[in-house]
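A.B. asks: Dropping the sequence and predicted coords here.
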Amino acid sequence: NWQNVLARYLIEFNENMNEITYFVGVEQMLDDLLAMNLTVGVVTSKDRVQFDKEVSHFPIIAKMPIVTTADLTKNPKPSGEPITYTLERFNLARERTLYVGDSIFDMQASKNAGVDFVVAKWGALPNVDFNNAKYQAKTPNDIVGIVQ
């Protein structure tokens, strides 16, 4: 029963939110990508209320110029609609876009939107098959290398 699981997750998350930190290397990666004058943003499965609640603990993400939350499109990930919405809304070139994620739904959404996918292995479940990802990033710094 996914509704019960989600409700319990939100309770637990809200009770422990102040203990969440960036994965090691993520802050530096974001700083490096932003220093390259790249357009960097977030496409999330969270709605705007939950995203705003969580992002208060992550100042770099809070400053992202592009944020697409689940409530902005009719079909959430694994549909490609949230990514396609973001491309269109912010006038981004599909062929110059990389979507970074750590779940099978992220990979499917990327494929459905027709953009290249980078799996963030440091946050992904270990037994998920990401062989269809164009790039495998073992560390956040690997993403900087892929982009360069």
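C.D. replies: Cool, the structure landed. Residues are numbered from 1 along each chain as shown.
A.B. asks: what's the first-to-last distance across stretch 94-104?
C.D. replies: Across its full length, stretch 94-104 reaches 20 Å between end residues, using CA to CA, to the nearest Å.
A.B. asks: And stretch 87-104, by the same measure?
C.D. replies: Start to finish, the residues bounding stretch 87-104 are 21 Å apart (CA to CA).
A.B. asks: and residue 33, which of the three is it?
C.D. replies: Under DSSP: H, G, I helix; E, B strand; the rest coil, the three-state class of residue 33 is helix.
A.B. asks: Who are the contact partners of it?
C.D. replies: The neighbourhood of residue 33, defined by CB atoms under 8 Å, 6 or more residues apart in numbering, consists of 40, 143-144, 147. C-beta here means a position set from N, CA and C on the backbone, and glycine is covered the same way.
A.B. asks: ok, and the most crowded of those?
C.D. replies: residue 143 (21 neighbours; other CB atoms under 10 Å).
A.B. asks: what helix or strand is it on?
C.D. replies: Assigning secondary structure by DSSP states H and E places residue 143 in helix 140-147.
A.B. asks: Now do the same for that helix: mean pLDDT, whole number.
C.D. replies: The pLDDT scores in helix 140-147 average 97.
A.B. asks: Which helix in this protein has the most residues?
C.D. replies: The longest helix of the chain (DSSP state H) is helix 2-16.
A.B. asks: tell me what that one is packed against?
C.D. replies: helix 48-55 (3 or more CB pairs under 8 Å, 6 or more residues apart in numbering; DSSP states H and E).
A.B. asks: which residues touch the helix it packs on?
C.D. replies: Residues external to helix 48-55 that are found in contact with it (CB under 8 Å, 6+ apart): 10, 13-14, 17, 20, 42, 44, 46, 61-62, 67, 69, 71-72.
A.B. asks: Sweet, I'm off.
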